[in-house]
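Colleague: Let me see the structure of the following:
(chains A and B)
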Amino acid sequence: MDKKVKVIPCSGIGKVFGLMAREAALETVHELCPNTSETVCLAYIVTGDKEAKEKIEGCECITVDGCPKMCAAKNVSLTGGTVIEEIKVLDTVKEHKGKQFGSPTQLSADGESVVNEIATKIAKIINEKN
Amino acid sequence: MSELKVGILSCSGEECLGGTISRLATRKVLEELKFVNTVTLCLPLYLAGGKEERNFAKVFPTISVDGCNKLCAKRSTEKYSGKINGSVDVSKIIGNENSLNSKIVRNKDLTEEHLQMVDEVASEIIKAISNINPNSYSGKTFRGCSCGDQ
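Modeller: Take a look at the predicted model:
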């Protein structure tokens, strides 16, 4: 079994929080924990393809969701991934009231800053496991 | 008569550049296209959501936008929601090598060349929208999504 932790965001396309989830996951796997984590396309998981299922089945996964629908967490669980942490972007956003985070297309400087904060939280979880 | 709206569903794949381009091109059309109203839905809502979300492609004439030739958005939409009216495969526009680039995925890493790719894909989405028969609009209402623009 692949030992890399899978970090899977919702990448929601309608609100900035989906972009923040996506960017936090990518910051983690590309910059903070490149040797111990990787991502898997959530859209591929949604297809239900056997190969997609095999990519996450029984693997430790951290999901990152931008809204209360929790699409990443639900889809990963339904497909057989072991969700060890459900990260909710809104939990961190609540600590930054009054800031503008950007749009679903482009983050502002404040948005980037919160993304880095979320990515650091995810990396901490991964590092504590290793 | 109800207003024509077109649904655009992007894969937004996280593993490669094609997913980022699909997402940004979809956003560009949603934000800038004026001759027809466009709406979107987060693709993973098909599984995580309910009946309303699954009716998306039955309610709106829908175009899928996929970052690679796995065509996840197209296949998932047809599996859970119904037949789509057009599809855009980003890998056919920017080439497989570019679309499967797993090094450059984040928005902040994109160059002018990548933004031109976004424009090219957005043009293809608009072409696909232009080919939709206006009579394909069902006139039904949709109230299911907390994430997607409506």
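Colleague: contacts, neighbours, all on C-alpha from now
Modeller: Fine.
Colleague: Check whether the longest helix belonging to chain B comes into contact with chain A.
Modeller: The helix spanning the most residues in chain B, taking DSSP state H as the definition, is helix B:112-130. No - under the criterion of Cα under 8 Å from any Cα of the partner chain, chain A is not reached by helix B:112-130; the shortest gap measures 11.9 Å.
Colleague: Isn't B:Ser99 up against B:Asp66?
Modeller: No - look at B:Ser99 against B:Asp66 with Cα atoms under 8 Å: they stay out of range, at 9.9 Å.
Colleague: OK, contacts around B:Glu15?
Modeller: Shown in contact with B:Glu15 (Cα atoms under 8 Å, 6 or more residues apart in numbering or on different chains): A:Thr39, A:Val40, A:Cys41, B:Leu100, B:Ser102, B:Val105.
Colleague: change it to 10 Å
Modeller: Contact analysis of B:Glu15 by Cα atoms under 10 Å, 6 or more residues apart in numbering or on different chains lists A:8, A:26, A:38-42, A:44, B:67, B:99-105.
Colleague: Of those residues, keep whichever come out buried.
Modeller: Neighbour counting over those (16 or more other Cα atoms under 10 Å in any protein chain shown) leaves A:8, A:26, A:38-42, A:44, B:67, B:99-100, B:102, B:104-105 as the buried ones.
Colleague: In chain A, what residue lies closest to chain B?
Modeller: A:Gly14 (4.0 Å; Cα to the nearest Cα).
Colleague: so how many other residues sit close to that residue?
Modeller: A total of 23 residues lie near A:Gly14 under the criterion other Cα atoms under 10 Å in any protein chain shown.
Colleague: before we move on, what about the one 10 residues further on?
Modeller: A count of nearby residues for A:Ala24, using other Cα under 10 Å, gives 28.
Colleague: So for the helix or strand A:Ala123 falls within, mean pLDDT?
Modeller: Counting by DSSP states H and E, the secondary-structure element that holds A:Ala123 is helix A:109-129. What helix A:109-129 shows for mean pLDDT is 97.
Colleague: So which elements touch that helix?
Modeller: In this structure, helix A:109-129 makes packing contacts with strand A:5-9, helix A:16-27, strand A:37-38, strand A:60-65, strand A:82-88, helix A:89-93, judged by 3 or more Cα pairs under 10 Å, 6 or more residues apart in numbering or on different chains; DSSP states H and E.
Colleague: Buried residues, it. List them.
Modeller: Taking 16+ other Cα under 10 Å as the criterion, helix A:109-129 shows A:Gly111, A:Glu112, A:Val114, A:Val115, A:Asn116, A:Ile118, A:Ala119, A:Thr120, A:Lys121, A:Ile122, A:Ala123, A:Ile126 as buried.
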